[in-house]
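> here is my input; please provide its structure:
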Amino acid sequence: MKFFLRILAGAGLVLLPFAAATAQNGTPAACCTAAAPPPVAPILPSEFLGWTNAFRLANDQAEAVLVPDIGRLVHFAPRPGTSPFRLDPALQGQTPPAGERFFNLGGDWFWPVAQARWAALSGDAQDWPPPAALADLPWTCSAWTDAGGAQCALMTREYGAPLHILASRLFRLEPGSAALVVQQRIERTAASEIPVVLWNISQIARAGRIALPVDKASKFRGGVKVLMGSKPDRKQLARCGNAVVYRVAPGAEIKLGSDSPRGWIAAARDADVIFESVLNTAAGEFPDGGCVVEVYSNEGLGYSEIETLSPEQELAPGTVLQNTLRIEIAPPDASHAGCALAAAARALAGE
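You can find the predicted model right below:
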């Protein structure tokens, strides 16, 4: 079954005074707003691809699977259908070994610190792999069905010194809906001088083309900044009005970024299209010289990463950085070769 995967940040990014209120069952009070009724029944962990502590959210339209032991959303697909996320078969059912700084399994996750700051945190002046402070470690997770019938799961992880933050992702799948709403949150728990960011990454298997928006007001030449590799030629990077489409080249490794405030990115796998968009409302500088969306593509490894970013924020203790992602699945209705991918992405963005 063909599909779109759509991610929309609805609440933007804000700084709020921290309140420690919780629901009676220990879940944050944020899950019990008018849009999210209180929990009424727990969802127990089950097995998925060898992981025994997986949490599955499902209705008649879509299914999502979270594995807190690796801190990832590992599966999101229509029912019936397949997930676009890459999952390395050799690593399925496994957890990172002790000392592993990046468990390159695939899936969807976020990092709370921009890569430009990793060298200062690593102790060896290297910006790859991630510093030990960001190494893959287990998250905690609880899941439940709420009073409105939505299935929810809350994943949290505490990062100690030198970050001093509590990160959380609250997933919500409404009954009869193909949309997965994800509230992402970083709370500063003690003083730290390290700015934080909501840098979301979805690792997509065998994407053939990626579209990004470009604007005339961009500070990047042609609206796109080359962050890694060589600038692609016109056969690889086609201009499509106020967007560009990068065609993944054999053996190529490249990273591109766009500073367009329109904030969307789309990847095509044959006729399937994955679309993500982010809405950031807070002021501040974006990472990598102002990039709002980025793509990292490594054809030799067989995947591309489509990424959305927030501005960096210096949080004082007791303040919060948050945004809301919306992941939606819908069937495609046309071929998306060449500039047709950009047109489809613009339509999904409501442009």
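> tell me the contacts of the spatially closest residue to Gln94 that is not a sequence neighbour?
Closest residue to Gln94 apart from its sequence neighbours, by C-beta to C-beta, 6 or more residues apart in numbering: Gly50 at 7.4 Å. Just so you know, the C-beta spots here come from the backbone N, C-alpha and C atoms, and that holds for glycine as well. Contact partners of Gly50, counting by C-beta atoms under 8 Å, 6 or more residues apart in numbering, are Gln92, Gly93, Gln94.
> same check, this time on Lys231
Contact analysis of Lys231 by C-beta under 8 Å, 6+ apart lists Leu237.
> now it: how far from Asn280?
27 Å (C-beta to C-beta, to the nearest Å).
> cool, and Gly71?
Taken as C-beta to C-beta, the span from Gly71 to Asn280 is 23 Å.
> hang on, Gln252 packs against Gly229?
Not Gln; residue 252 is Ala. Yes - using C-beta atoms under 8 Å, Ala252 makes contact with Gly229 at a distance of 6.9 Å.
> how many neighbours does Ala143 have?
22 (other C-beta atoms under 10 Å).
> also Pro129?
14.
> could you check how far it is from Pro96?
Counting by C-beta to C-beta, the gap from Pro129 to Pro96 is 12 Å.
> what is the burial count for Glu285?
11.
> please read the previous query as pertaining to Asn298.
Asn298: 17 neighbours (other C-beta under 10 Å).
> got the confidence number for it?
pLDDT, Asn298: 97.
> residues contacting it?
Ala252, Glu253, Ser304.
> is the last one in contact with Ile201, as I believe?
No - with contact defined as C-beta under 8 Å, Ser304 does not reach Ile201; the gap is 10.6 Å.
> out of those two, which sits in the busier spot?
Per other C-beta under 10 Å, whichever of Ser304 and Ile201 has more neighbours is Ser304, with 27 against 17.
> name the strands paired with the helix or strand in which the more buried one is found and say parallel or antiparallel.
Counting by DSSP states H and E, the element that carries Ser304 is strand 303-308. Neighbouring strands of strand 303-308 in its sheet, by DSSP bridges, are strand 199-205 (antiparallel), strand 293-298 (antiparallel).
> tell me which residues in the following helix or strand past it are buried?
Downstream of strand 303-308, the first helix or strand assigned by DSSP H and E is strand 319-330. For strand 319-330, a neighbour-count test (16 or more other C-beta atoms under 10 Å) marks Thr319, Val320, Leu321, Gln322, Asn323, Thr324, Leu325, Arg326, Ile327, Glu328, Ile329, Ala330 as buried.
> pLDDT and distance to Glu276 for those residues - can I get that in CSV?
Putting those into CSV (pLDDT from 0 to 100; distance: C-beta to C-beta, whole Å) gives the following:
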residue, pLDDT, distance to Glu276
Thr319, 96, 27
Val320, 92, 23
Leu321, 90, 19
Gln322, 87, 18
Asn323, 84, 13
Thr324, 83, 13
Leu325, 82, 8
Arg326, 82, 10
Ile327, 79, 8
Glu328, 78, 10
Ile329, 77, 12
Ala330, 67, 13
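> now, which of the residues you listed sits nearest Pro45?
Closest approach between the buried residues of strand 319-330 and Pro45, by C-beta to C-beta: Ile327, at 21.2 Å.
> am I right that the closest one is in contact with Phe76?
Yes - with contact defined as C-beta under 8 Å, Ile327 reaches Phe76; the gap is 6.0 Å.
> now Ala54: closest residue in space, sequence neighbours ignored.
Among residues not flanking Ala54 along the chain, Phe48 sits closest, at 3.7 Å (C-beta to C-beta, 6+ apart).
> mind listing the residues bridging to the one you found?
Trp51.
> now do the contacts for it.
Phe48 neighbours (C-beta under 8 Å, 6+ apart): Ala54, Arg56, Val65, Val67, Val74, His75.
> any idea how far Ile329 is from Asp272?
Counting by C-beta to C-beta, the gap from Ile329 to Asp272 is 11 Å.
> ok, for Pro96, nearest residue in space, not its chain neighbours?
Take Pro96 and drop its neighbours on the chain: the residue closest to it by C-beta to C-beta, 6+ apart is Phe103, 4.0 Å away.
> and the one you found, how many neighbours?
By other C-beta under 10 Å, neighbour count at Phe103 equals 20.
> what's the next secondary structure element after the lowest-mean-pLDDT helix or strand in the chain?
Lowest mean confidence among the helices and strands of the chain (mean pLDDT, DSSP states H and E): strand 14-17, at a mean of 37. Helices and strands here follow DSSP H and E; after strand 14-17, the next one along the chain is strand 39-42.
> strand partners (parallel or antiparallel) of that next one?
Going by DSSP bridges, the partners of strand 39-42 are strand 140-146 (antiparallel).
> check which residues of the partner strand are buried.
Cys141, Ser142, Ala143, Trp144, Thr145, Asp146.
> same check, this time on stretch 114-133
Ala114, Gln115, Arg117, Trp118, Leu121, Ser122, Asp127, Pro130, Pro131, Ala133.
> could you dump the residues you listed to TSV with pLDDT?
Formatted as TSV, those follow (pLDDT from 0 to 100):
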residue	pLDDT
Ala114	98
Gln115	97
Arg117	97
Trp118	97
Leu121	95
Ser122	92
Asp127	93
Pro130	96
Pro131	96
Ala133	95
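> just give me the closest of those residues to Cys291.
The closest of these, once distances to Cys291 are taken by C-beta to C-beta, is Ala114, at 9.8 Å.
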